[in-house]
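> Predicted structure and sequence below. I'll ask about it afterward.
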Amino acid sequence: MTTFKALEQSGWTEKASAYDEHFATIADQAIEAILNSVGDVAKRDVLDICCGTGNLAGEVLARGGRVTAIDFAPTMIEIARSKFAGANFHVGDAEALPFPDQSFDVALCSFGLWHMSAPDMALAEAARVLRKGGVYAYTTWLSPQQGWDMFDLLMKAVRAYGTTDLDLPPSPPPFRFADEAEAQRSLAAHGFRDVCLRKGTALWTGITGEQLLALIYKAIVRAPMIIEAQAPAAREAIKQDIMSAAETMRIDGMITMRWPYLLATGRIP
């Protein structure tokens, strides 16, 4: 069977352009909070892990930082290089970073842990490449119970019309690092101290439920796999239910959905 990691890598390689158009506008809403949490990045060596199409790296450049960035999807790196010539972009694995020990002052991982098959290895690698006093920050989506509207609609539709018993490779627990106690424990276990946790909320707005379904299919990897793995009748019922439920979330004429996240920071002593 194809592994979770292989599916994630092939999926993001395929969807890089759509991600930049449809999804980056959501994730980018956390950029200011991420950078404010690590302090002034000017003249510091910053590593952007799981950099996607490079928008976080671009903001580090704009603030005067020296940026190295890495992503496992070659197409993501191609787009990032085309947008931000001043950063040093690499195709590579967050779970085995190709950099020497103590190479960076800051390491950032914007919504990347969700997509890793061995996220503890990624935390260990981030700690390894940071200098003494270096700071690490990650963001991760909170659970439906904590307000993630899109995922809530998706899973309610699947439970109502389909099944979660699917022939897909198992994934690590998706909301593990969104749990505050687990975030504290995991960062401490990998040598981080002065752990600080903050919450924020990004928003997605659209005109129709069809636009939400397009976002799911064009710019997300695992969610459409869950839908497409259903029997044909269930698949169509799930799509219709997602679009219908989205219509109930209009504010001032626009469908408005919350994408809440946890921002965690820690320092290498």
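It's in. Numbers count the residues shown, from 1 in each chain.
> Ile77 versus the residue of the chain most remote from its centre, what's the distance?
When distances are taken from the C-alpha mean of the chain, Ala233 lies farthest, 30.9 Å away, according to C-alpha atoms, centre = their mean. Going from Ala233 to Ile77 by C-beta to C-beta, to the nearest Å gives 40 Å. In this view, the C-beta of every residue, glycine as well, is placed from N, C-alpha and C.
> And Arg193, by the same measure?
For Arg193 relative to Ile77 (C-beta to C-beta), the value is 32 Å.
> quick one, which of these two is more surrounded?
Between Arg193 and Ile77, counting by other C-beta atoms under 10 Å, Ile77 is the more crowded of the two (23 against 10).
> Please settle this for me: is that one part of a helix?
Yes. With DSSP: H, G, I helix; E, B strand; the rest coil as the criterion, Ile77 is located in a helix.
> Tell me the confidence at it?
What the model reports as pLDDT for Ile77 is 98.
> Verify the stated contact: it with Gly92.
No. Ile77 is beyond contact range of Gly92, at 9.0 Å (criterion: C-beta atoms under 8 Å).
> any common contacting residues for those two?
The overlap between the contact sets of Ile77 and Gly92 (C-beta atoms under 8 Å, 6 or more residues apart in numbering) consists of Asp71.
> need the contact list for the most centrally placed residue in the chain.
When C-alpha atoms, centre = their mean is applied to the chain, the residue found nearest the centroid is Phe111 (2.3 Å). Going by C-beta under 8 Å, 6+ apart, Phe111 touches 27, 30, 50, 139-141, 261.
> Report pLDDT for it.
Looking at Phe111, the pLDDT reads 97.
> same thing with Ala219?
So Ala219 comes in at 89 (pLDDT).
> Now it: phi and psi?
phi -130, psi 10 (degrees, to the nearest 10).
> Equivalent analysis for Lys199, please.
phi -120, psi 150.
> Neighbours of it, how many?
The tally of other residues near Lys199 (other C-beta under 10 Å) stands at 14.
> my guess is it meets Pro260, correct?
Yes. Taking C-beta under 8 Å as the definition, Lys199 is a contact partner of Pro260 at 6.5 Å.
> where do the contact lists of the two overlap?
With C-beta under 8 Å, 6+ apart as the test, Lys199 and Pro260 both reach Leu142.
> how about the spatially closest residue to Thr2 that is not a sequence neighbour, what does it touch?
Nearest residue to Thr2, sequence neighbours excluded (C-beta to C-beta, 6 or more residues apart in numbering): Pro169, at 6.2 Å. For Pro169, the contacting residues are 1-4, 7, by C-beta under 8 Å, 6+ apart.
> What of Tyr136?
Counted by C-beta under 8 Å, 6+ apart, Tyr136 has contacts 106-109, 126-127, 130, 187, 192, 265-268.
> what about this structure, any weak spots by pLDDT?
Along the chain, segments meeting pLDDT under 70 span 1.
> need the strands for it, in chain order.
45-49, 66-71, 88-91, 104-110, 130-141, 193-206, 250-251, 254-267 (DSSP state E).
> Adding distance to Lys156 as columns, could you present those in a markdown table?
Below are those laid out as a markdown table (distance: least, C-beta to C-beta, whole Å):
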| stretch | distance to Lys156 |
| --- | --- |
| strand 45-49 | 32 |
| strand 66-71 | 32 |
| strand 88-91 | 37 |
| strand 104-110 | 27 |
| strand 130-141 | 17 |
| strand 193-206 | 17 |
| strand 250-251 | 18 |
| strand 254-267 | 14 |
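> Those: which one's closest to Ala214?
strand 193-206 (8.7 Å; C-beta to C-beta).
> Which positions in that closest one come out as buried?
Within strand 193-206, the residues that count as buried by 16 or more other C-beta atoms under 10 Å are 195, 200, 202, 204, 206.
> Kindly report the same for stretch 38-48.
Residues 38, 41, 44-48 are the ones in stretch 38-48 that count as buried (16+ other C-beta under 10 Å).
> for the contacts of Phe111, which one is nearest Tyr161?
Of all the contacts of Phe111, Trp141 has the smallest distance to Tyr161: 23.6 Å, by C-beta to C-beta.
> Many thanks, we can stop here.
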